[in-house]
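S.K.: need the 3D shape of this:
(one chain, ligands or ions: 1)
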Amino acid sequence: MTLWGGAFNEPSDADLRALNDSISFDKRLYAVDIEGSAAYAAALSLAKVITDEEAAQIINGLEAVKAEFDEGRFQLQVGDEDIHTAVERRLTELIGAVGGKLHTGRSRNDQIATDLRLWTIDALHQVDALVAALQEALIAVSESHIETLMPGYTHLQPAQPITAAHWLMSFFWMFARDRARLSDAQSRTEVLPLGSGALAGSPFSIDREFLAGQLGFEFVSENSLDAVADRDFVAEALFALSMIGVHLSRLAEDLILYSNPAFGYITLNDRYSTGSSLMPQKRNPDPMELARGKAGRLIGNLTGLLTTLKGLPTSYNKDLQEDKAPLFDSVDSLTLIMPVIVAVIRTLKLNPERMRAALDESMLATDLADYLVNKGMPFREAHHISGRAVRLAAEKGVTFTRLTLDDLRGLSDHFSDDVSAVFDFAASAARRRAQGGTAPEAVREQIARARAWLTDEGE
Ligand code: ARG
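M.R.: Down below sits the predicted model:
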């Protein structure tokens, strides 16, 4: 028997049930559903809607149902439309008619909204811990490469020498923002919908502050229509998860490029790369490609949910059942990919000689312009003279730094023999020591601030 069959003469069609039922995916909410129900039973007894003894019976019964789920003993039955139906059906089998009192003043509308918020809070905490582990791994590799030089790129064109730690640490701060977004999304998820009924509120004197306290919610919803329909928290969670996906994808893209033999800057550990079934020499960066690929899924889940929400009339509509699949999928996808990426970073081997060999002397052209600026020339003019030097070198068929002092003095009489100090990659990086720059000195401070961030804000 269904929970709502009273006014119907015919049982629902099997195809309708296949479409309508959500038990196949919402059964993973059983623990939060039961937690919400136990708190609700306590609230009903406080409101004198049920006796203390009835509440105790219900709560004990719920614990027994939970044990069946925990131990994989729970038997789903035809008619178990969703997790709420299944739990109540089994509760009533176990404790008798008193089980039927639990749903007084409650609707599955405020119930699912409560369940999903509880589930999301926990899931975002778990994702946050995974991102924190990645930040730790990034710091650990960076610490061994504070002095390692590599080409820095814009437009993927060689731009200026940077330190490898500086490159890796750039991702630390992306993930710091992602964690701030997760915690921000959490704060708006911590609002209790329970006690809103189907849409209009509860006619029983349910103490909603008490319920919020029991379930660990920070706030109580202010409007019952909004409470049963609000899925902003899912959209925000999906955005925060997508942004993590996008950052992982960008990290993955760098690692894919840099592990290509044409770059050769890094070597992925054997355990985290795969071979080709045909070409024995290949080392494929599959985990990175999957990270990049899964970002597409995460973004799809976000846009799918937003599209579901956009045309809905006031309060609950069954369309909202479509919130769970994308949320679960995004959390599951990150839960799968993150530990692998953390391990990839932890075991990442950098090849400093390959990085250094890729430094092109023309990457010091800005330094040459800065040299002239230090001699008093306006930067615009200095930029032009340095460009002329690059061209002159090309015409003479020598590398830029092989120009003689006479060559340079032909371009500007600001040049003197101290110019040779400019032609040094390490010195170029070391000059960029203003806060946030690539100089080893600045990167050491950056890493110290990153560590402080992890202890202060990331706890
Ligand atoms: N399975 C439903 C969902 O996920 C639960 C709420 C059903 N409410 C209703 N009035 N049929 O949204």
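S.K.: contacts and neighbour counts: CA atoms only from here.
M.R.: Fine.
S.K.: tell me the secondary structure for the closest residue to the ligand within the stretch 251-400 of the chain?
M.R.: For the stretch 251-400 of the chain, the residue closest to the ligand is residue 321, as judged by CA to the nearest ligand atom, at 3.6 Å. Taken by DSSP: H, G, I helix; E, B strand; the rest coil, the conformation at residue 321 corresponds to helix.
S.K.: can you give me the neighbour number for it?
M.R.: When counting by other CA atoms under 10 Å, one arrives at 15 neighbours for residue 321.
S.K.: residue contacts, it?
M.R.: For residue 321, the contact set (CA atoms under 8 Å, 6 or more residues apart in numbering) comprises residue 22.
S.K.: show the model's pLDDT score for it.
M.R.: Reported pLDDT at residue 321 in the predicted model: 98.
S.K.: distance check, it against residue 161.
M.R.: With distances taken as CA to CA, to the nearest Å, residue 321 is found 52 Å from residue 161.
S.K.: disregarding flanking residues, what is the spatial nearest neighbour of residue 131?
M.R.: For residue 131, ignoring the flanking residues on the chain, the nearest one in space by CA to CA, 6 or more residues apart in numbering is residue 175 at 6.7 Å.
S.K.: nearest residue to residue 42 in space, ignoring adjacent ones along the chain?
M.R.: Using CA to CA, 6+ apart and skipping residues adjacent in sequence, the residue nearest residue 42 is residue 55, 6.0 Å away.
S.K.: what's the burial count for the residue in the stretch 151-300 of the chain that the ligand sits nearest to?
M.R.: Checking the stretch 151-300 of the chain residue by residue against the ligand with CA to the nearest ligand atom singles out residue 198 as nearest, at 7.2 Å. Applying other CA under 10 Å, we find 21 residues neighbouring residue 198.
S.K.: and the closest residue to it other than its chain neighbours, how far is that from residue 267?
M.R.: Leaving aside its sequence neighbours, residue 198 sits nearest to residue 107 (CA to CA, 6+ apart; 4.8 Å). When CA to CA is applied, the distance between residue 107 and residue 267 equals 56 Å.
S.K.: one more: residue 166?
M.R.: For residue 166, the distance to residue 267 under the criterion CA to CA works out to 18 Å.
S.K.: please say which of these two ends up with more neighbours.
M.R.: Set side by side, residue 166 and residue 267 show more neighbours around residue 166, with 29 against 21, by other CA under 10 Å.
S.K.: so who does the more buried one touch?
M.R.: Contacts of residue 166 were listed using CA under 8 Å, 6+ apart, and they are 142, 146, 437-438, 443.
S.K.: in the helix or strand where it lies, what's buried?
M.R.: Assigned by DSSP states H and E, residue 166 belongs to helix 164-189. Along helix 164-189, the positions that meet the burial threshold by neighbour count (16 or more other CA atoms under 10 Å) are 164-169, 171-172, 174-176, 178-179, 181-183, 185-186, 188-189.
S.K.: now do stretch 309-328
M.R.: If you call a residue buried by 16+ other CA under 10 Å, then stretch 309-328 has these buried ones: 309, 315-316, 320, 323-324, 326-328.
S.K.: try stretch 104-121
M.R.: By neighbour count on 16+ other CA under 10 Å, the buried set for stretch 104-121 is 104-121.
S.K.: show me these that map onto helices.
M.R.: 108-121 (DSSP state H).
S.K.: what's the helix or strand just after the helix holding residue 166 in contact with?
M.R.: Using DSSP H and E, the next helix or strand after helix 164-189 towards the C-terminus is strand 191-192. In this structure, residues lying in contact with strand 191-192 by CA under 8 Å, 6+ apart are 114, 117, 208, 211-212, 217-221.
S.K.: ok now strand 191-192, how far from the chain's centre?
M.R.: 23 Å (CA atoms, centre = their mean, to the nearest Å).
S.K.: tell me which strands that strand pairs with, and in which orientation.
M.R.: Each strand that pairs with strand 191-192, with its direction, by DSSP bridges: strand 219-220 (parallel).
S.K.: which is the succeeding secondary structure element to the partner strand?
M.R.: Scanning the chain past strand 219-220 towards its C-terminal end, the next helix or strand to appear is helix 224-229 (assignment: DSSP H and E).
S.K.: packing partners of the following helix or strand past that next one?
M.R.: Helices and strands here follow DSSP H and E; after helix 224-229, the next one along the chain is helix 232-259. Contacts defined by 3 or more CA pairs under 8 Å, 6 or more residues apart in numbering; DSSP states H and E place helix 232-259 against helix 108-143, helix 164-189, strand 266-267, helix 286-310, helix 324-346.
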